[in-house]
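Student: compute the structure for the input listed below.
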Amino acid sequence: MSAMTVPTLMQNYQRKSYVTQLHKVYNELQQAALQYQTERNAVNLKEAGIRNDDSLDLFVKSKFKIVNDCGEKSTPCLAPNSEYKKLSGNEAVGSSQTHFVALQSGVSLGYSCRVAATNGNDNAVAVFDVDINGAKGPNIAGRDFFVLVLYNNGMIDDVGNSAPLTKDERENLFNTICNSTGKDWYGCFGKILNDNWEMNY
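Tutor: Predicted coordinates:
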């Protein structure tokens with residue numbers, strides 16, 4: 001009986017560990033955005049000056065402790081694109097962000113304003129690919145790798161038209177994108193938000 005329980009306990013522990021680290025990144029990014037906006041007496045992030053990839057880069061570098069600036073190349077800050085998988089085991093599409101950094105905390109970020117704009121969303125300021133343990137495995141979207149969107153109002157949520165997304169919007173993204181065989185890897189973060197910071201999948 002205990003032999004069957006140990007793997008389950010280990011999986012639960014690992015999931016909690018992933019979520020704890022993700023929550024920490026979320027809080028740090030949320031606080032940084034609010035601080036950046038407040039310092040500039042702005043009513044939103046675009047008014048605070050985050051309007052393009054260069055200004056987003058300045059924001060990240062002024063608010064986070066960076067140990068490796070990988071520039072426009074994702075490696076070695078992130079694992080090679082071919083190593084990222086979905087929950088289904090299928091290959092995930094490669095990161096299309098414009099800048100990559102590794103943080104002192106062990107987290108790696110890929111980020112871009114351009115990607116947010118490409119989706120035709122005026123409310124999104126930036127899209128972040130977040131690998132909570134850097135290039136280390138398992139490199140699975142929804143486990144140690146997530147897509148977070150920073151919106152103009154300073155909120156962070158999953159991919160959508162505005163933040164906060166509804167619970168139904170997040171569930172739909174999880175079912176049709178994150179937990180699917182397609183290559184896109186967003187839609188996992190919203191599920192964790194819906195489930196009160198639990199990884200129940």
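
Student: lowest average confidence, helix or strand, in this protein?
Tutor: helix 113-118 (a mean of 72; mean pLDDT, DSSP states H and E).

Student: what's the first helix or strand after that one?
Tutor: Going down the chain from helix 113-118, the next helix or strand is strand 124-131, by DSSP states H and E.

Student: list the contacts of that next one.
Tutor: 22, 25, 29, 45-46, 50, 56, 78-79, 95, 97, 107-113, 115-117, 119, 139, 144-152, 159 (Cβ atoms under 8 Å, 6 or more residues apart in numbering). Glycine gets a C-beta too; all of them are placed from N, C-alpha and C.

Student: scan the protein for its longest helix.
Tutor: For the chain, the helix with the greatest residue count under DSSP state H is helix 2-39.

Student: which strands and helices lie in contact with it?
Tutor: Counting contacts by 3 or more Cβ pairs under 8 Å, 6 or more residues apart in numbering; DSSP states H and E, helix 2-39 packs against helix 53-63, strand 124-131, strand 145-151, strand 156-157, helix 188-194.

Student: out of these, which is closest to residue 35?
Tutor: Nearest to residue 35 among the helices and strands packed on helix 2-39 is helix 53-63 (7.1 Å), distances taken as Cβ to Cβ.

Student: what are the buried residues along the helix or strand following the closest one?
Tutor: Under the assignment DSSP H and E, the closest C-terminal helix or strand after helix 53-63 is strand 66-71. Applying a neighbour-count criterion of 16 or more other Cβ atoms under 10 Å, one finds residue 70 buried in strand 66-71.

Student: same deal with stretch 189-201?
Tutor: Result for stretch 189-201 [16+ other Cβ under 10 Å]: buried residues 189, 190, 191, 192, 193, 194, 195, 199.

Student: ok, now stretch 168-179?
Tutor: So, applying 16+ other Cβ under 10 Å, buried residues of stretch 168-179: 169, 170, 171, 173, 174, 177, 178, 179.

Student: pull the contacting residues for the fourth one.
Tutor: Listed by Cβ under 8 Å, 6+ apart, the contact set of residue 173 reads 158, 159, 160, 165, 186, 187, 190, 191.

Student: can you redo the residues you listed as a markdown table with pLDDT and distance to residue 10?
Tutor: Converted to a markdown table, the contacts of residue 173 look like this (pLDDT from 0 to 100; distance: Cβ to Cβ, whole Å):
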| residue | pLDDT | distance to residue 10 |
| --- | --- | --- |
| 158 | 96 | 28 |
| 159 | 94 | 31 |
| 160 | 93 | 34 |
| 165 | 96 | 32 |
| 186 | 95 | 27 |
| 187 | 96 | 26 |
| 190 | 98 | 26 |
| 191 | 98 | 22 |
